[in-house]
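Participant: here is a sequence together with a model predicted from it:
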Amino acid sequence: MHVALINEGTYPYVLGGVSTWCDQLVRGLTDVSWHLVTVVGTASMTPALTVPDNVASLTAVPIWDRPRASRRRSIRAAARMCAGMLGDSPEHLAVFREGLRELALPKLADLRSSCARCRTGLATCPRHGLIGRHPLYGLPLAELLLEAWQAAGSTGARPLPPLTLHDADQAAVLIEHAVRPLAAVLPPVDLCHANANGLSSLVAMATKWRFGVPFLMTEHGVYLRERYLSVGDQSAGVKVALLRFHRALARLAYAEADLITPVSGFNQRWEERHGADPEKITVIPNGVDPDRFPPLTAEPATPTISWVGRIDPLKDLPTLIRALTVVRGQVPDARLHLAGPVPQGNADYARMCHDLVAELGLTDAVTFAGPVSSSREAFEAGHVAALSSISEGMPYTIVEAMMCERATVSTDVGGVAEMVGDAGVVVPPRDPVAFGNACAELLRDRKLRHDLARRGRQRALDRFTLQRCLDAYQERYKLLIGSAS
């Protein structure tokens, strides 16, 4: 079977997190011929991972490169997209769908312009990514957005904030780039598997509309919730425009997907709240290989909290750093071991974390260890594994810590609580006092720490093995492909 695995900015261009899941899936399902499709910032990005031999193609879909060609697309379709995204009703969603679908379908007539570099005859070629015309390029999108805004404001529905021409220009640029994946054309495949909502699912929907290819969506985190958390410092009008676009896109993807496989019940509740049919949802938790994460049998001499992940605002390292001051009030020699890379664009955030460590007088107590070859290496450096995130799906680091037989302290976000159960400590997010007190208790109480560690490993073995995860996806692939044939 031929499966397109579609993601946004992860596999195989970055390490860890969702990329780990993708790599496990690709390497684990050896009878699948994989076509990797990655939405990236620019085509100059280079893969960080070597893909296995069962990967037939890798297509990059850049959204910030300058378009190589232009042609005025359907103004009617773009106007429908703008009008539909601003409303709350099923009728508005239908209008939004009509607009996006009309923008996607005519692309078939345009995809015969050849790639200037390899002459494939496709607007998207596996080596050079999205190179053809973009759905909204050349349209007066800001004007269409303003018209839709004014029309929505006159209907008596929930009031929208003012939208200036400058706001409309800003929002139009961001929406135009976000819609660019709609132009991606994939090699012939039996199934599209998007590993997130949003831009990844946009590629899958376009392929379904064009060729009738089934569409499976996996959600690791809740894409829409993360857009709310990361909207930035724009004006109220720009924020609302962007969030309305992403909300409409997320709801449409839930409606269009043939099967939705969230990693947790938390994600499932979000999906159902935004219109996903419960009959189409099957929770498939992430899994890890027990052989790669055998129990750790020794602990370091100095009481240490370990953390591993990417240095990213969603991981909320300031809460963890501040929690260390609470811990040291009860365990004076306690240390914090932070392991993980700084992704491109996060240098300022990493610098802020270093500055906070210095400001709190913790320079000698905090280690920034950088990337590690395995999370097990980071867990070995501590007595307790910590997760202080403000948003998660089903974080690998906690499952891996449980499998390594390390006690965990985590924030109650996403599917963390249902994953940990009674085999770890869960505290509210953004609460350094609660986090610090929980860590201090485990550092002081060896019996409790070891009891939680043993229960955590058993829970991971019972529920979260890699083979269980792979078998579940293999079964769903056969089901969807069989029903489409």
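Facilitator: Arrived safely. Numbers count the residues shown, from 1 in each chain.

Participant: okay, residue 335: pLDDT?
Facilitator: Looking at residue 335, its pLDDT reads 98.

Participant: go on, residue 31?
Facilitator: Looking at residue 31, the pLDDT reads 96.

Participant: just checking, residue 337 is part of a strand?
Facilitator: Yes: counting by DSSP: H, G, I helix; E, B strand; the rest coil, residue 337 falls inside a strand.

Participant: which residues sit in contact with the closest residue to residue 456 other than its chain neighbours?
Facilitator: Nearest residue to residue 456, sequence neighbours excluded (C-beta to C-beta, 6 or more residues apart in numbering): residue 402, at 3.6 Å. Quick note: C-beta positions are derived from backbone N, CA and C, even for glycine. Residues near residue 402 by C-beta atoms under 8 Å, 6 or more residues apart in numbering: 408, 420, 423, 424, 456, 457, 459, 460, 464.

Participant: adding neighbour count, secondary structure and pLDDT, write those residues out as CSV.
Facilitator: Shown next, in CSV, are those (neighbours: other C-beta atoms under 10 Å; DSSP: H, G, I helix; E, B strand; the rest coil; pLDDT from 0 to 100):
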residue, neighbour count, secondary structure, pLDDT
408, 27, strand, 98
420, 24, helix, 97
423, 19, coil, 98
424, 27, coil, 98
456, 26, helix, 98
457, 22, helix, 98
459, 19, helix, 98
460, 24, helix, 98
464, 22, coil, 97
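
Participant: could you list the buried residues of the helix or strand containing residue 454?
Facilitator: Using DSSP states H and E, residue 454 sits in helix 446-463. Neighbour-count burial for helix 446-463 flags 449, 450, 452, 453, 455, 456, 457, 459, 460 (criterion: 16 or more other C-beta atoms under 10 Å).

Participant: over to stretch 223-232?
Facilitator: Going by 16+ other C-beta under 10 Å, stretch 223-232 has these buried residues: 223, 224, 225, 226, 227.

Participant: can you lay out the residues you listed as JSON lines showing pLDDT and secondary structure?
Facilitator: JSON lines is the format used below for the buried residues of stretch 223-232 (pLDDT from 0 to 100; DSSP: H, G, I helix; E, B strand; the rest coil):
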{"residue": "223", "pLDDT": "90", "secondary structure": "helix"}
{"residue": "224", "pLDDT": "90", "secondary structure": "helix"}
{"residue": "225", "pLDDT": "87", "secondary structure": "helix"}
{"residue": "226", "pLDDT": "88", "secondary structure": "helix"}
{"residue": "227", "pLDDT": "91", "secondary structure": "helix"}
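
Participant: now, which of the residues you listed sits nearest residue 210?
Facilitator: residue 223 (22.8 Å; C-beta to C-beta).

Participant: helix/strand/coil for the residue of the chain most remote from its centre?
Facilitator: Within the chain, the residue lying farthest from the chain centre (C-alpha atoms, centre = their mean) is residue 332, at 37.6 Å. Using three-state DSSP, the structure places residue 332 in coil.

Participant: the longest helix in this protein is where?
Facilitator: Ranked by residue count, the top helix of the chain under DSSP state H comes out as helix 236-256.

Participant: what's the average pLDDT for that one?
Facilitator: pLDDT averaged over helix 236-256 gives 96.

Participant: only alpha carbons, please: show it as CSV.
Facilitator: Backbone C-alpha positions of helix 236-256 (Å, rounded to 0.1, in the frame of the first residue of the first chain) are rendered in CSV as follows:
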residue,chain,number,x,y,z
ALA,A,236,-7.4,42.5,17.9
GLY,A,237,-8.7,42.5,14.3
VAL,A,238,-5.7,40.5,13.0
LYS,A,239,-6.0,38.0,15.9
VAL,A,240,-9.7,37.4,15.3
ALA,A,241,-9.2,37.0,11.6
LEU,A,242,-6.4,34.4,12.0
LEU,A,243,-8.2,32.5,14.7
ARG,A,244,-11.5,32.4,12.8
PHE,A,245,-9.5,31.1,9.8
HIS,A,246,-7.9,28.3,11.8
ARG,A,247,-11.1,27.5,13.6
ALA,A,248,-13.0,27.1,10.4
LEU,A,249,-10.1,25.0,8.9
ALA,A,250,-9.9,22.8,12.0
ARG,A,251,-13.7,22.2,12.0
LEU,A,252,-13.7,21.5,8.2
ALA,A,253,-10.9,19.0,8.6
TYR,A,254,-12.7,17.1,11.3
ALA,A,255,-15.8,16.9,9.0
GLU,A,256,-13.8,15.8,6.0
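
Participant: off-centre distance for that helix?
Facilitator: Taking C-alpha atoms, centre = their mean, to the nearest Å, one finds the center of helix 236-256 at 16 Å from the center of the full chain.

Participant: ok, now which ones touch residue 141?
Facilitator: 78, 82, 172, 175, 176.

Participant: for the fourth one, which non-adjacent residue is spatially closest?
Facilitator: Going back to what we said before, that points to residue 175. residue 245 (5.3 Å).
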